[in-house]
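Asks: quick one, fold the following:
(2 chains)
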Amino acid sequence: MTEMFSRRVLSRIGAWPLAVKVPLIVACLMVGIAVMISQVVLSRLVKDQETNLSLLTSAYLDGISAAVTPSVLRADVWETFDALDRARTRYAGVDARYALVELPNHTILAASDPVRFPIQSRLPAELERHFPQKDGLIIDSHMGRAWLARTLREEGFSVGRILAEIDIADLLRIRHDVLLTLVLVNGALTIAFAFAGYLLLKQMLQPLGVLSLYVERARDGNVQAIPERHRRRLSREFDRLFSRFNAMATALAERETLASRLAEQEKYAMLGKLASGMAHEVNNPLGGMLNAIDTIQAHGQDAEVRLKSVEFLKRGLSSIRSVVRAALVTYKADADISVLTPNDLDDLPFLIQHEAGARRLRLDWQNQVTEPVAVEATAIRQITLNLLLNACAASPDAGTVSFLARKSQSNIQIAIADEGSGIPADILAILDRAEEVSSPPPASKGLGLWTTARLVHRLGGCIDVDTLRVGTRVRVTIPLRPEKIAA
Amino acid sequence: MVPAPSKREARSRSGISRRDVLAGLSVAFSVGATRARANSAAPISFGINPLFLDSDIELLGKLQGYLARRLGQPVQLVKRRTYQEITALLLSGQLDAAWICDDPYAQHRNKLSLLAVPVYRQKPLYQTYVIVNQASKAKDFDDVAGTIHAFSDPDSTSGFLVTRYMLALRKTTPNVFFRNFFFTYGHRNVLRAVGAGLAESGSIDGYVWDVMREREPDLVDKTRVVYRSPQLGFPPIAGPKSAAGTSTSRGLAEAFMEMQNDGLGRDVLSILQLDGFMQGSPDLYGTTAEMLRVVQAQV
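Replies: Residues are numbered from 1 along each chain as shown, chains lettered A, B, ... in the order given. Model prediction:
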């Protein structure tokens, strides 16, 4: 649970902007350095203070020892007290809370605070444990006290001990003040440097934001070079980066233009291909129609023959008109029909009937679109026609090509299935890559599919390829644009 | 026996600069009085017992300055830690005179001549006080039994003899009556010891206690008097009986008794809070002598 939480926190921190992360890291480093420096300064201060205290207390004890030793030898209470009492205020830097002389029998000869330590009494046990067993100094920073002990010797024999408790609150206050100063100064510096770092880095990373914006636009298909106004006062690195991006953007734009031209050429190549089929489709009724005209010329007086021949002529002309009109709609230059009618789909079979007829293919046509749909009709027709032609080409002779179009609340879906052996992997890869702006058009085969995929991508749709038990089904889903209907 | 006057007060009443005083003292305390006077130009040696306060350099300087001018001779002031040392010097003729306690005078009055007696509050008399710390519950002399007691000096009347006499009357001794006792060799020290709590009770010169009450109230207010002795003869100025009637002896006596007529002398008297000096009678010290007799009888 904790690990998951910390992982989530880390990933969230990882997503923070560089302008925040770097100053934060700098601040953290500075805090670390500040802590380290403070530690060094304080430990040095503590060491110096303890050394000074040791020297001061040693001088203090030297003075008192010299003053009291003769009195201690005589067990002179007054003289010992007098020396301890006078010493209280005569040693600068040593704030003795009390000092006392303990005789070898552990009774007190005299103390600077005789009320607390009456003569002939013993040192309370709770105080006894604070003092060093031998001569020396014990410092307790928590209690703010230091305890001193010095043996008084005469001719090598111990005649008593001086014990003193020193108040080291001043030393601790200095330590506290130094610590406080260090924390305040380092804290202020850390905040100042972090803030300055943030501003500086934000300024430095501004070009990255611009670059990111233009890269984002390029990803959405709107490839633009970074304008000159964003290139003022740029560092050399960013200037070089911008130049490279602009070169890339120009190359992409050129490639896009080339791709559009290729698609256009592909359209007209298909037109040529269709034209021959259409010629055939037009030619077929033409033979019958000429025969009908011959029949009218020969037997025009016969009303029934004349009527049948004219009907035949009409059907032939109607068939030709359908083929011509379908071609005209599909390849009309700069067509921008934003609403697709059911008929826009239904006349497509006329354009593939030559392909289908030559292969004796059966067309299973189900157009469930019954009302106008807010999609770009020209693009949909080109997509559908491309897929139908591919399906016809992929299907075996006398096979079936299925077409299903239906509309939902949010999109229109067109599914075209064939009974062929499936789409080769390299052609399938074209469909996947075609959505990428920078994908190059295929070298030889698959240009129709590549164009289809790009058109679908432009309309915001998607293509799914299903491998069936027999054959392949390609499903194109295009989102609707309701505002077009309203308009 | 003389309290510590404040230095500020002493300075304000002095006609002599600090430099003069210190210069005089450097001569006065340079050596002990170890030789007999050979001629009138030789310094007069004057002993001062430790009742005088150690710290009062200016007072001593004024006294030395006054005596030297008055006598027309250099004067050496001789100080020692104990009464006994001054008494020994005086009795051995190494001092021309000394301001001693009434106890040594009473002990050695057959060997000493009385030169002058201080007049305090119009009388040549003073009292002994037994004091306790303010925190003590003692109300009278007997309540100090079992306490740690601070005496001044074994040869001091007020700082030892009177209390010792009171105990003798009770058929007891300090070792028995008190839990512990010690000597501080100075009345001001007795005050400090009792005030600080080092001792629970103390024997002190009543004159010192009264004067210090005005000058160091913070110290004196930590103590309280539980016993006041009968009036005793004030510690006198005395000289060896062998020198009685000499010009030095007479000069010293006159210098003290006429002190109030001199500006510098009045400064000294003012610091000491004395009215002056008078020709005293050995009878003044009868009570002290009686106390001595009782105590010595017990030993």
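Asks: list, one by one, the residues from chain A near chain B.
Replies: A:76-78, A:81-82, A:85, A:110, A:113-115, A:118-120 (CB under 8 Å from any CB of the partner chain). Backbone N, C-alpha and C define where each C-beta goes, glycine included.
Asks: I'd like to know which of these are part of helices.
Replies: The members of the residues of chain A next to chain B that map onto helices under DSSP state H are A:77-78, A:81-82, A:85.
Asks: export these to CSV and append columns for neighbour count and pLDDT.
Replies: Output for these, formatted as CSV (neighbours: other CB atoms under 10 Å in any protein chain shown; pLDDT from 0 to 100):
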residue, neighbour count, pLDDT
A:Val77, 26, 93
A:Trp78, 23, 93
A:Phe81, 29, 94
A:Asp82, 22, 92
A:Asp85, 20, 90
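Asks: now those residues in TSV, with distance to B:Val132?
Replies: TSV is the format used below for those (distance: CB to CB, whole Å):
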residue	distance to B:Val132
A:Val77	17
A:Trp78	17
A:Phe81	17
A:Asp82	20
A:Asp85	19
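Asks: and the closest residue to chain B within the stretch 201-350 of chain A, what's its pLDDT?
Replies: Nearest residue of the stretch 201-350 of chain A to chain B, counting by CB to the nearest CB: A:Leu201, 68.5 Å away. In this model, A:Leu201 is scored at 80, pLDDT.
Asks: in a strand, that's where it is, yeah?
Replies: No: under DSSP: H, G, I helix; E, B strand; the rest coil, A:Leu201 falls outside any strand and is assigned helix.
Asks: pLDDT below threshold where in the stretch 151-299 of chain B?
Replies: For the stretch 151-299 of chain B, applying pLDDT under 70 flags no range at all.
Asks: going along the chain, name the helices of it.
Replies: Along the stretch 151-299 of chain B, the segments classed as helices by DSSP state H, counting those that start in this stretch run B:162-169, B:174-177, B:187-196, B:206-215, B:217-220, B:247-257, B:263-272, B:286-298.
Asks: what's the answer for the stretch 251-400 of chain A, then?
Replies: A:303-331, A:342-346, A:348-358, A:377-394.
Asks: deepest of the ones you listed, which one?
Replies: helix A:377-394 (a mean of 22; mean count of other CB atoms under 10 Å in any protein chain shown).
Asks: quick check: residues of chain B near chain A?
Replies: Checking chain B against chain A by CB under 8 Å from any CB, the hits are B:148, B:150, B:180, B:182-185, B:189, B:192-193, B:196-198.
Asks: how about a cut-off of 7 Å?
Replies: Residues of chain B that fall close to chain A, judged by CB under 7 Å from any CB of the partner chain: B:148, B:180, B:182-184, B:189, B:193, B:196-198.
Asks: quick one: the biggest strand by length in chain B to helix B:263-272, angle?
Replies: The residue-count maximum for a strand in chain B (DSSP state E) belongs to strand B:112-119. Angle of strand B:112-119 versus helix B:263-272, following axes from the mean of the first three to the mean of the last three CA atoms, to 10 degrees, is 80 degrees.
Asks: now do strand B:112-119: distance to the chain's middle.
Replies: Mean-position distance between strand B:112-119 and its chain equals 13 Å (CA atoms, centre = their mean, to the nearest Å).
Asks: for it, which strands pair with it and how are they oriented?
Replies: According to DSSP bridges, strand B:112-119 forms sheet pairs with strand B:237-240 (antiparallel), strand B:276-278 (antiparallel).
Asks: can you lay out the residues of chain A next to chain B as CSV showing distance to A:Arg8?
Replies: Formatted as CSV, these follow (distance: CB to CB, whole Å):
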residue, distance to A:Arg8
A:Asp76, 79
A:Val77, 76
A:Trp78, 78
A:Phe81, 72
A:Asp82, 75
A:Asp85, 70
A:Ala110, 71
A:Asp113, 63
A:Pro114, 69
A:Val115, 66
A:Pro118, 69
A:Ile119, 73
A:Gln120, 73
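Asks: run through the stretch 201-350 of chain A and note the low-pLDDT ranges.
Replies: Within the stretch 201-350 of chain A, the segments meeting pLDDT under 70 span A:273-274, A:277, A:280-281, A:284, A:326, A:329-337.
Asks: about what we covered before: just give me the closest of the residues of chain A next to chain B to A:Ile423.
Replies: The closest of the residues of chain A next to chain B to A:Ile423 turns out to be A:Asp113 (CB to CB; 105.2 Å).
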